[in-house]
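**Q** Sequence and computational prediction follow.
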Amino acid sequence: MISITEWQKIGVGTTGFGIFFILFGILLYFDSVLLAFGNKHKLKGTSFFLGGVVIVLLRWPLLGMCLETYGFLSLFRGFLPVAFGFLGTAFNIPFLNALFQRLQGTSSMV
């Protein structure tokens, strides 16, 4: 019989959890109700991002990456100021704190 070390048991357990959550995420991603709620008002950003992926696959990487970047910024426009504000308060590094406060701006999600 093959003996399994403790590290191998931890690795198998972690891999099992990872596979489970990936499959669960894929299952939730293709739920039509969640897709309708999540992307109804972000159709422009989603189409630019997925169009950029298609353009990259068609061997136009520079144009595709530009489209993907625009789509990404369009999708996460409301979230980025919140993320920069959190990073500015989470880390007490003077240069980064000033940079994140500048990037945060005055826009809010409300």
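**A** Sure thing, it's come through.
**Q** Near residue 76, how many residues? Count them for me, please.
**A** 14 (other C-beta atoms under 10 Å). (C-beta placed from N, C-alpha, C; glycine too.)
**Q** Do you know the pLDDT at it?
**A** pLDDT, residue 76: 87.
**Q** State the distance from it to residue 99.
**A** Residue 76 is 18 Å from residue 99, where distance means C-beta to C-beta, to the nearest Å.
**Q** Ignoring the adjacent residues along the chain, who's closest to residue 69?
**A** The spatially closest residue to residue 69, leaving aside those adjacent along the chain, is residue 52, at 7.7 Å (C-beta to C-beta, 6 or more residues apart in numbering).
**Q** Helix, strand, or coil at that neighbour?
**A** helix (DSSP: H, G, I helix; E, B strand; the rest coil).
**Q** all numbers from here: first residue = 31
**A** Right, with 31 as the first residue, what we last looked at is residue 82.
**Q** which residues touch it?
**A** When contacts are counted by C-beta atoms under 8 Å, 6 or more residues apart in numbering, residue 82 is found next to 93, 94, 95, 96, 97, 98, 99, 100, 101.
**Q** Quick check: the fifth one touching residue 84?
**A** Okay, so that is residue 97. No: counting by C-beta atoms under 8 Å, residue 84 is not a contact partner of residue 97; they are 9.0 Å apart.
**Q** So between the two, which is more surrounded?
**A** Ranked by neighbour count (other C-beta under 10 Å), residue 97 and residue 84 place residue 97 first, with 21 against 11.
**Q** ok, and that one, which helix or strand is that part of?
**A** helix 91-105 (DSSP states H and E).
**Q** which stretches of this protein have low pLDDT?
**A** 65-69, 118, 121, 134-140 (pLDDT under 70).
**Q** Longest helix in it, please.
**A** Looking across the chain with DSSP state H, the single longest helix is helix 36-59.
**Q** Could I have the CA atoms of that helix written out in CSV?
**A** C-alpha atoms of helix 36-59 as CSV (Å, rounded to 0.1, in the frame of the first residue of the first chain):
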residue,chain,number,x,y,z
GLU,A,36,0.7,15.0,5.4
TRP,A,37,1.7,17.4,2.7
GLN,A,38,0.2,15.3,0.0
LYS,A,39,-3.1,15.1,2.0
ILE,A,40,-3.1,18.9,2.3
GLY,A,41,-2.4,19.2,-1.5
VAL,A,42,-5.2,16.8,-2.4
GLY,A,43,-7.6,18.6,-0.2
THR,A,44,-6.7,22.0,-1.5
THR,A,45,-6.9,20.8,-5.1
GLY,A,46,-10.3,19.3,-4.4
PHE,A,47,-11.6,22.6,-2.9
GLY,A,48,-10.2,24.4,-5.9
ILE,A,49,-11.8,22.1,-8.5
PHE,A,50,-15.1,22.3,-6.6
PHE,A,51,-15.2,26.1,-6.5
ILE,A,52,-14.1,26.4,-10.1
LEU,A,53,-17.0,24.1,-11.2
PHE,A,54,-19.4,25.9,-8.9
GLY,A,55,-18.3,29.3,-10.3
ILE,A,56,-18.8,28.1,-13.8
LEU,A,57,-22.2,26.8,-12.9
LEU,A,58,-23.2,30.2,-11.4
TYR,A,59,-21.6,32.1,-14.3
